[in-house]
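In: Just need the structure, nothing else, for what follows:
(chains A and B)
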Amino acid sequence: MDQELRELYQQVILDHNKSPRNFRKIEHANHFAEGYNPLCGDKIDIYATVEDGVIKDISFMGSGCAISKASASLMSSLIKGKSEAEAKEIFEKFHDLITGKLGENPSIEELGKLAVFEGVKEFPARVKCASLAWHTMISALRKENDVVSTEK
Amino acid sequence: MNHIEVNTSKASTFDVEKIRKDFPILNKMVRNKPLIYLDNAATTQKPLSVINKISEYYSLYNSNVHRGVHSLSEAATKAYEDSRTKIKNFLNASSEREIIFTRGTTESINLVAYSYGRKFLSEGDEIIISAMEHHSNIVPWQLLAEEKKLKLKVIPINDKGELLLDEFDKLLSPKTKLVSIVYISNSLGTINPIEYIIKKAHENGTPVLIDAAQAVNHITVDVQKLDCDFLAFSGHKLFGPTGIGVLYGKEKLLEKMPPFQGGGDMIESVTFDKTTYNALPYKFEAGTPNIAGTIGLGAAIDYVQSIGFENIFSYELELLRYAEEKIREVKGIRIIGEAENKASVLSFVFDEVHPHDVGTFLDFEGIAIRTGHHCTQPIMKRYSVPATSRASFAFYNTKEEVDVLVSSLKKIIEVFK
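Out: Numbers count the residues shown, from 1 in each chain, chains lettered A, B, ... in the order given. The predicted structure follows:
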């Protein structure tokens, strides 16, 4: 496989695509949002239970490509137990990472496992795949029960 | 393997290597691999004759049409109107007055919805479309339906992707005021029996619009033989430039229709009290048209006619059959759209791999395919898939390219297993 392609489809991503974590519906979730990418038809539902500003549980359902599924899976693993403010902070760094705006290496290290998505910045058409779950998560935290579209 | 070799010899009159030399882009390398362009249903590549013709217009006689008395304007007007004649002959229309230049199929359909639809349809009337329409043959009718309180009726399809004609028969009623139907489906490849649909609709007194965007590049389209009332297509899917398209309309219908847009060129005389409109086809061509695009489209038509649609269709069909056979060898692949009568469009899905991932992997092999819903979301819903991968072939594609596609698809399975 080509090096650039290997960087996009790292083993961690392929693994999360095949066995996504937190891929379930949370009954009685107090936060929910639906994300949609009209360009490719990808859909994702995010469920979250938030208590005292802390994300106690978060999960997702839906269909999408390996990048979007792995991104949702890693996102949910990472922000479970974090505060809403922390989740938003991580999202901003993640967004900078995939759009190539994240500067120094220490910042990448802070992102931990999310660093596997760095390869996405070389594929502008795939940035939306990687960010759909995150936009939807932010929307769920705001408790906007609307559909989130990557085209708005 | 035997019959494949037989097929190769059958196509011996058709020299694909010679044809490929006419398309400069086919020499391009993508990610260090030779480009394999299999996204022809999205847009086709342009032969050098088209590129040169456009360049010639801008280099040698660029000027506005239908206005100046100077030499350049006369040359531009002549080239522009010559293209109209070529298109008239290409479609076998009765007259140049029936050939209206638009931006593309979408604008052509919108023109009919806006002009014909608003004048001749009223509350309670029905429009029939099909389950396999492109969004451009759904949304204009929905907009019209909302404004005029009309009903949209949809001909369903079977699992193979063929229209259920007995359902169409049932939908036809005295309320049906227009049928608008795709000739060849962009996502399934189905060639619809539009002759039957037109005949039945006419028996019902209903005019028919044909979306021929995916047809004009594969088969001969004869509007008089078909007896369709309107027909729309785009230049860029016919090896011509983007931004130019055609609406064919029967003269007696176009005469009765009000203008679509107002402006220059479409008028006869203007005062602040009253404007009288220009004759056909100019009544529908407001503003400075896409002159270069029109001239380029004329050159594209010359080019395809020099190859001949009989050669084109039989070669493409052979390529499609070969690709279908080969692609079935790939584990976990399902073909979407298996109509008996098909053009060279091959949509497929993997059990385990999403079309977007397929698209990115193939790009690294130099292969351009389309992934997504192809602007036919109702079709995706019908087959319960979010998206498909689509390889669509033109006469410059080869069996060797199909082989690279298939071996690349096999590699993808290995990565995702």
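In: CA atoms for contacts and neighbours, from now on please.
Out: Noted.
In: and the residue in the stretch 1-150 of chain B that chain A sits nearest to, what is it in contact with?
Out: Closest to chain A within the stretch 1-150 of chain B is B:R31: 9.5 Å, counting by Cα to the nearest Cα. Residues in contact with B:R31 (Cα atoms under 8 Å, 6 or more residues apart in numbering or on different chains) are B:363-366.
In: ok, now B:K250?
Out: Per Cα under 8 Å, 6+ apart, neighbours of B:K250: B:98, B:229-230.
In: okay if I get those residues as TSV plus pLDDT and distance to A:T99?
Out: Formatted as TSV, the contacts of B:K250 follow (pLDDT from 0 to 100; distance: Cα to Cα, whole Å):
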residue	pLDDT	distance to A:T99
B:E98	98	50
B:D229	98	50
B:F230	98	46
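In: tell me which of those residues is nearest to B:S63?
Out: B:E98 (24.8 Å; Cα to Cα).
In: Please list all residues in contact with that closest one.
Out: By Cα under 8 Å, 6+ apart, the contact set of B:E98 is B:88, B:247-251, B:254, B:280-281.
In: pLDDT, secondary structure and distance to B:G308 for those residues - can I get that in TSV?
Out: Listed next are these as TSV, based on pLDDT from 0 to 100; DSSP: H, G, I helix; E, B strand; the rest coil; distance: Cα to Cα, whole Å:
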residue	pLDDT	secondary structure	distance to B:G308
B:K88	98	helix	17
B:L247	98	strand	23
B:Y248	98	strand	22
B:G249	98	strand	25
B:K250	98	coil	26
B:E251	98	helix	28
B:L254	97	helix	30
B:L280	93	coil	30
B:P281	95	coil	28
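In: Go through the residues you listed and name the one nearest A:F123.
Out: Checking these one by one against A:F123 (Cα to Cα), the nearest turns out to be B:L247, at 38.0 Å.
In: Can you tell me the closest non-neighbouring residue to B:H373?
Out: Excluding the flanking residues, the one nearest B:H373 by Cα to Cα, 6 or more residues apart in numbering or on different chains is B:A387, at 4.7 Å.
In: what's the burial count for A:P124?
Out: When neighbours are defined as other Cα atoms under 10 Å in any protein chain shown, A:P124 has 12 of them.
In: same thing with B:V139?
Out: 16.
In: Would you enumerate the residues in contact with it?
Out: Applying Cα under 8 Å, 6+ apart, no residues contact B:V139.
In: what's the pLDDT at it?
Out: pLDDT recorded at B:V139 is 97.
In: Same question for the one 5 residues further on.
Out: According to the per-residue confidence, B:L144 scores 97 in pLDDT.
In: Give me the buried positions along the helix or strand where it lies.
Out: Per DSSP states H and E: B:L144 is located in helix B:139-148. Within helix B:139-148, the residues that qualify as buried are B:139-142, B:144-145, B:148, counting by 16 or more other Cα atoms under 10 Å in any protein chain shown.
In: what ranges of the chain fall below the confidence cut-off?
Out: All of this is about chain A. Counting by pLDDT under 70, chain A has low-confidence residues at A:103-110, A:144-152.
In: wait, I meant chain B there
Out: Those would be B:1-12, if you go by pLDDT under 70 across chain B.
In: Around chain A, which positions in it sit nearby?
Out: B:353-357, B:361, B:364, B:371-373, B:386-387, B:416 (Cα under 8 Å from any Cα of the partner chain).
In: Verify the stated contact: the residue nearest to B:H373 with B:R370.
Out: No: with contact defined as Cα atoms under 8 Å, B:A387 does not count as touching B:R370 (10.0 Å).
In: Show me the contact partners of stretch B:203-217.
Out: When contacts are defined by Cα under 8 Å, 6+ apart, stretch B:203-217 is touched by residues B:41, B:105, B:109, B:137, B:172-174, B:176-186, B:198, B:201-202, B:221, B:228-234, B:237-239.
In: Ok, stretch B:384-396 next?
Out: Residues contacting stretch B:384-396 (Cα under 8 Å, 6+ apart): A:40-42, A:63-64, B:16-17, B:19-20, B:38-41, B:44, B:187, B:312, B:315-316, B:319-320, B:336, B:344-349, B:354-356, B:358-359, B:369-373, B:380.
In: where do the strands sit along chain A?
Out: Using DSSP state E, the strands of chain A run over A:31-37, A:42-51, A:54-63, A:147-149.
In: Do any residues in the first one lie close to chain B?
Out: By that I understand strand A:31-37. No: Strand A:31-37 stays clear of chain B (Cα under 8 Å from any Cα), getting no nearer than 10.5 Å.
In: Show me what counts as buried in stretch B:81-101.
Out: Quick answer for stretch B:81-101 (16+ other Cα under 10 Å): B:81-88, B:90-93, B:96-101.
In: Write out the residues of chain A neighbouring chain B.
Out: Residues of chain A lying near chain B (Cα under 8 Å from any Cα): A:2, A:5, A:14, A:18, A:39-42, A:63-67.
In: Any chance of a markdown table for the residues you listed, columns neighbour count?
Out: Compiled in a markdown table, the residues of chain A next to chain B are given as follows (neighbours: other Cα atoms under 10 Å in any protein chain shown):
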| residue | neighbour count |
| --- | --- |
| A:D2 | 10 |
| A:L5 | 17 |
| A:L14 | 19 |
| A:K18 | 16 |
| A:L39 | 16 |
| A:C40 | 22 |
| A:G41 | 17 |
| A:D42 | 22 |
| A:S63 | 16 |
| A:G64 | 27 |
| A:C65 | 21 |
| A:A66 | 27 |
| A:I67 | 28 |
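In: Report the two of those residues separated the most.
Out: A:D2 and A:G41 (27.5 Å).
In: Tally up the residues packed near B:I25, please.
Out: 15.
In: ok, the residue lying closest to it once chain neighbours are set aside - how many residues close by?
Out: Leaving aside its sequence neighbours, B:I25 sits nearest to B:Q45 (Cα to Cα, 6+ apart; 7.4 Å). Other residues lying near B:Q45 total 20 when counted by other Cα under 10 Å.
In: List the residues that contact the nearest residue to B:S234 once chain neighbours are set aside.
Out: Distance criterion Cα to Cα, 6+ apart; nearest residue to B:S234, sequence neighbours excluded, is B:G245 at 4.1 Å. B:G245 makes contact with B:101-105, B:107-108, B:232-235, according to Cα under 8 Å, 6+ apart.
In: do you know how far B:Y80 is from B:S73?
Out: 10 Å (Cα to Cα, to the nearest Å).
In: still on that earlier bit, which one of the contacts of B:K250 is nearest A:G119?
Out: B:F230 (48.9 Å).
In: Pretty sure that closest one sits against B:G249.
Out: Yes: applying Cα under 8 Å as the test, B:F230 and B:G249 come out as touching, 4.4 Å apart.
In: those helices in chain A, which residues are they?
Out: For chain A, applying DSSP state H gives helices covering A:3-8, A:11-18, A:66-79, A:84-98, A:105-110, A:127-141.
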